[in-house]
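**Q** sequence? don't have it. structure:
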């Protein structure tokens, strides 16, 4: 009895697809789903005997290859050695601006989030930044962020080799068009609808009339994810990996 | 039979005096006499139970406390953590300019020396730079250097926390006046004369009418130099230390 | 060189600029209580490059005038409650930054340069709110190319925790090079360590590679498990339960006060 | 990853910019002969921050278009004869620098910045002859404060020698952090090593502290005593007699040619 594909597994597989072509993926601390996506891509490439994918997970001992202190991630990105990274945001708006600082008038934010971390740099220099936020509500996806930690696009003449590539939420997958600029809904995750996404999104976005459903992984990919990838994930995110394993075995039993 | 004080020993003791008040002295590679002077100061301060003097000798394993590659010396100086350093010069002129690059029209120097090393930075940021050149001839001490590796003085407004403090040669000891700017002969080493120094120096310099003789060390200082300092020096400059020891024992026998 | 925590704390004067490391790099939590007991206020904190429990406690104790940081949080235990409250109250100055800008400021100080240039930042509200930063046109570019200059950050004191020091004042920092950067940039550096070893850390090339030389270290004090409840790389793990306990208590000023006066402010041995 | 010296040399193309370390940091002398045999010319050498025997040999072999350096010499064995001759002949381009300027250029590349600001240099003939450097007025100063900007140095290849690498491509560089700076700044990095070890250098915090991660390493080849006649820190001493032998021979082009074709171009084992 194979357990049915879970929403999380669809997210992980979507991330692996978005990362395809990257040689070096960096993942921030406390990001188990992006980490799993990067590990899945690495495993898939290994199976295909394609060029190895390097995955650097901050805060991990096993998967952190840096030896020059906490500046090295940023140096490495500045050197063009990081192809893909993940950013979230307390608020994300329709032109790809992200806000990691707070709600209301800065500096006396009524809700204060931790802060911008490295976003104000990495968003400029990592070619493929994947915006990942599971919560898909109007308070997250706003018309205009209250504080720009990092802008989605820049004026001509501003040095920029990176920026938003896609936005993945709990409801759907968007691509980002830097020229327009704006998001385009590419697919809706199983169990969700365009109407629901429109209601949950505070900004306008493009979409086709007949929307795709975000694909579920094939059997081989699922096997890799539930095997090798969960094993690797366990080293850095033991709680998360254990939780996924429980889901899978519960699903297999009930299936 | 104590051996008579050698010319080298007078140089070493002169250097120790010039360094007095420094907490951290850095010494370049292949500079045994400056290194011995710095070690002598350290030993003298230890005897007096005064604040410890730190001596960093580049290229030494025992006396090199840097762990951040070859940039650290310059960083350290830029932080104001190096009080004294030594520079030489293929040419040195009367306003304290030094030339470590070559003779003739740059870039096709007729005589090429190795190059400026760190002088173009250290001369600006180390408060007490001691110019040390044993060879005292008109080809070294010129009216105007052919190439300025590092200038003796700078225009007002140029950031400068360091510069020449003294010039020690095989014949005499000069101080440097940054306001004039120029050198002033402070003392003539035993066995040399003002007339000889004037003939050997291609630039004008100040001096008193009745010139001092560079003092020879007292017995206690000499004992420290011939004991502990030569022992320490041996670790980094075994050939030089051995040669000095031979001189001392030959002197003691013939005395 | 080897002294007690209270003696170190007494060297902190009101209005000083204090550099503190990120959660996982070696936070000298052992110094937090002595600093609060000493009570020097109007401190300007520089988080390298982010802050956590120690920053939250110092803010909660009312000692902090401003925080320069890329983020403040308790990690898995959530937001930093006293810091967030102080932001809402407007009772501390905020100098929001981004991680590499903090590193850039320290690097300028390390190099004795007045500033470091860095990419990114253009068009952010971070830049808009930093009147101490400058934007110039890159002089090497053919056409207009705006670039941000971050001024040197010169803390008065850097404070961190490390696994070991030797009898000569050298401190082993391993691959946590940001601790060296903090020390290079700062006038004074206070280090608490798990233990003092007899042999010089500079005696072997292997250990020397991860050693901050005594030249940059002002004071060392022994504080076993001195990062607790944070972990220390290669030594012990973070005590997340304790972080959660703090996070819950410090939601209110009263809860914070109760936590700080409570008995459990030292690690279980 | 582990390949032979000739295969590495074949990746060098005419006109490339090659970064080479200072004498005592780990010079891959073992690569010198394969590079000369391969014969890619018009090389622009960057000495980090000074050069010696390897630079002199490459210049003597006619492969060098320009040298950016703070100095070139054979140390105790005196001046660099083929380099000095080429200067007199005007047959190579000279980009005289000062040590921290080379470090500053690499640092800019490491940081992804277009330039690094540095003090000093104002009023030197070094600056006067560097039209690739810029002087600006420090934007943070109240009144005029000229400061030099050094543009990023982006070598095509960095080449050095180190004591060991592991099977995963990590290289142990100890406290010779300039080797890391070279690798960070360069598109490719070729490393020769005394030996390959089985266990990952990143597996222990102690060794990791002195390790350049595989991420920055393009190629590794084993070359026992690969720095000879230079020494390698922690491994073996410089063979000064051999340096003197070279210095004497290379006073003339003929002597240089005879030395290079002679049998003794490998260390006695």
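**A** Sure, I can see it. Remember, it's a predicted structure, so these values are computed and weren't measured experimentally.
**Q** so what's the closest residue to residue A:181 other than its chain neighbours up against?
**A** Counting by C-beta to C-beta, 6 or more residues apart in numbering or on different chains, residue A:153 is the residue found nearest to residue A:181 once chain neighbours are left out, at 4.5 Å. In short, each C-beta sits where N, CA and C put it, glycine included. Residue A:153 makes contact with A:95, A:96, A:163, A:178, A:181 under the criterion C-beta atoms under 8 Å, 6 or more residues apart in numbering or on different chains.
**Q** just the residues you listed now: which is nearest chain B?
**A** Sorting these by how near they are to chain B, with C-beta to the nearest C-beta, puts residue A:163 at the top with 33.0 Å.
**Q** surely the closest one meets residue A:96?
**A** Yes. Taking contact to mean C-beta atoms under 8 Å, the distance of 7.0 Å between residue A:163 and residue A:96 places them in contact.
**Q** I'd like the distance between the residue most central in space within chain A and residue D:90.
**A** With distances taken as C-alpha atoms, centre = their mean, chain A has residue A:132 as the residue nearest its mean C-alpha position (3.5 Å). Counting by C-beta to C-beta, to the nearest Å, the gap between residue A:132 and residue D:90 amounts to 59 Å.
**Q** Same question for residue C:19.
**A** For residue C:19, the distance to residue D:90 - C-beta to C-beta - is 51 Å.
**Q** out of those two, which sits in the busier spot?
**A** Using other C-beta atoms under 10 Å in any protein chain shown, the more surrounded residue of residue C:19 and residue D:90 is residue C:19, with 29 against 10.
**Q** So what are the sheet partners of the helix or strand containing that one and their directions?
**A** Taking DSSP states H and E as the criterion, the element that holds residue C:19 is strand C:17-21. The strands beside strand C:17-21 in its sheet (DSSP bridges) come out as strand C:43-48 (parallel), strand C:157-166 (parallel).
**Q** Let's have the ones you listed in TSV, adding distance to residue B:76, mean neighbour count and mean pLDDT.
**A** Listed next are these as TSV, based on distance: least, C-beta to C-beta, whole Å; neighbours: other C-beta atoms under 10 Å in any protein chain shown; pLDDT from 0 to 100:
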stretch	distance to residue B:76	mean neighbour count	mean pLDDT
strand C:43-48	20	25	98
strand C:157-166	16	26	98
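**Q** Please identify which of the contacts of residue A:153 is nearest to residue A:28.
**A** residue A:163 (16.9 Å; C-beta to C-beta).
**Q** what does the stretch 51-200 of chain C put close to chain B?
**A** Taking C-beta under 8 Å from any C-beta of the partner chain as the test, the list of the stretch 51-200 of chain C residues beside chain B reads C:109, C:110, C:111, C:112, C:113, C:180, C:184, C:185.
**Q** just those that are near chain A?
**A** Taking C-beta under 8 Å from any C-beta, the overlap between these and the neighbourhood of chain A is residue C:180.
**Q** Out of the residues of the stretch 51-200 of chain C next to chain B, the closest to chain B would be?
**A** Within those, the smallest distance to chain B is 2.2 Å, found for residue C:112 (C-beta to the nearest C-beta).
**Q** how about the residue nearest to that closest one when sequence neighbours are not counted, what does it touch?
**A** Nearest residue to residue C:112 in three dimensions, chain neighbours excluded: residue B:78, at 2.2 Å (C-beta to C-beta, 6+ apart). Residue B:78 makes contact with B:121, B:125, C:110, C:111, C:112, C:113, D:100, D:119 under the criterion C-beta under 8 Å, 6+ apart.
**Q** To what extent is the third one buried, counted in neighbours?
**A** A count of neighbours around residue C:110, defined by other C-beta under 10 Å, yields 27.
**Q** Run a quick neighbour tally on the nearest residue to it once chain neighbours are set aside.
**A** Of all residues not flanking residue C:110 in the chain, residue C:184 sits nearest, at 4.1 Å (C-beta to C-beta, 6+ apart). Burial of residue C:184 is recorded as 25 neighbouring residues (other C-beta under 10 Å).
**Q** what's residue C:184 in contact with, if anything?
**A** If you count contacts by C-beta under 8 Å, 6+ apart, then residue C:184 has B:75, B:79, C:106, C:109, C:110, C:216 around it.
**Q** Now with 7 Å, please.
**A** The contact partners of residue C:184, by C-beta atoms under 7 Å, 6 or more residues apart in numbering or on different chains, come to B:75, B:79, C:109, C:110, C:216.
**Q** For it, pull up the helix or strand it's in.
**A** Mapping residue C:184 onto the secondary structure by DSSP H and E places it in helix C:177-185.
**Q** Any residue of stretch C:241-258 touching chain A?
**A** No. Residues of stretch C:241-258 contacting chain A under C-beta under 7 Å from any C-beta of the partner chain: none, with a closest distance of 13.0 Å.
**Q** buried sites along that stretch?
**A** When neighbours are counted by 16 or more other C-beta atoms under 10 Å in any protein chain shown, the buried residues of stretch C:241-258 are found to be C:242, C:243, C:245, C:246, C:247, C:249, C:250, C:255, C:256.
**Q** burial measure for residue 182, as a count.
**A** Using chain A. As a burial measure, the neighbour count of residue A:182 was computed by other C-beta under 10 Å and equals 20.
**Q** Can you look at chain C instead?
**A** A total of 31 residues lie near residue C:182 under the criterion other C-beta under 10 Å.
**Q** likewise the one 10 residues further on?
**A** Residues lying near residue C:192 (other C-beta under 10 Å) number 27.
**Q** Residue A:59 now?
**A** Close neighbours of residue A:59, defined as other C-beta under 10 Å, add up to 17.
**Q** can you pull the contacts of residue C:211?
**A** Residue C:211 makes contact with B:67, C:170, C:171, C:172, C:201, C:202 under the criterion C-beta under 7 Å, 6+ apart.
**Q** helix, strand or coil for the nearest residue to the first one once chain neighbours are set aside?
**A** Counting by C-beta to C-beta, 6+ apart, residue D:175 is the residue found nearest to residue B:67 once chain neighbours are left out, at 4.4 Å. Under the three-state scheme (DSSP: H, G, I helix; E, B strand; the rest coil), the conformation of residue D:175 reads as coil.
**Q** Strands of the stretch 151-255 of chain A, start to end?
**A** Counting by DSSP state E, counting those that start in this stretch, the stretch 151-255 of chain A forms strands over residues A:164-169, A:172-177, A:182-188, A:206-213, given from the N-terminal end onward.
**Q** most tightly surrounded among the ones you listed?
**A** Highest mean neighbour count of the strands of the stretch 151-255 of chain A: strand A:164-169, a mean of 24 (counted as mean count of other C-beta atoms under 10 Å in any protein chain shown).
**Q** ok now it, how far from the chain's centre?
**A** With C-alpha atoms, centre = their mean, to the nearest Å as the basis, strand A:164-169 stands 7 Å off its chain's centre.
**Q** and the angle from that strand to strand A:172-177?
**A** Interaxial angle, strand A:164-169 versus strand A:172-177 (axes from the mean of the first three to the mean of the last three C-alpha atoms, to 10 degrees): 160 degrees.
**Q** so what secondary structure elements neighbour strand A:164-169?
**A** Using 3 or more C-beta pairs under 7 Å, 6 or more residues apart in numbering or on different chains; DSSP states H and E as the contact criterion, the neighbours of strand A:164-169 among helices and strands are helix A:7-19, strand A:128-133, strand A:172-177.
**Q** Of all those, which one comes closest to chain B?
**A** strand A:128-133 (32.0 Å).
**Q** what about that closest one, near chain C?
**A** No. Remark: strand A:128-133 sits outside contact range of chain C, by C-beta under 7 Å from any C-beta, the gap being at least 12.1 Å.
**Q** Within the sheet, what are the partner strands of the next helix-or-strand element following that strand, with directions?
**A** Taking DSSP H and E as the definition, the helix or strand that follows strand A:128-133 towards the C-terminus is strand A:141-142. Paired strands of strand A:141-142, with direction, are strand A:91-93 (parallel) (DSSP bridges).
**Q** Looks like residue C:247 contacts residue C:83 (just checking).
**A** No. With contact defined as C-beta atoms under 7 Å, residue C:247 does not reach residue C:83; the gap is 11.6 Å.
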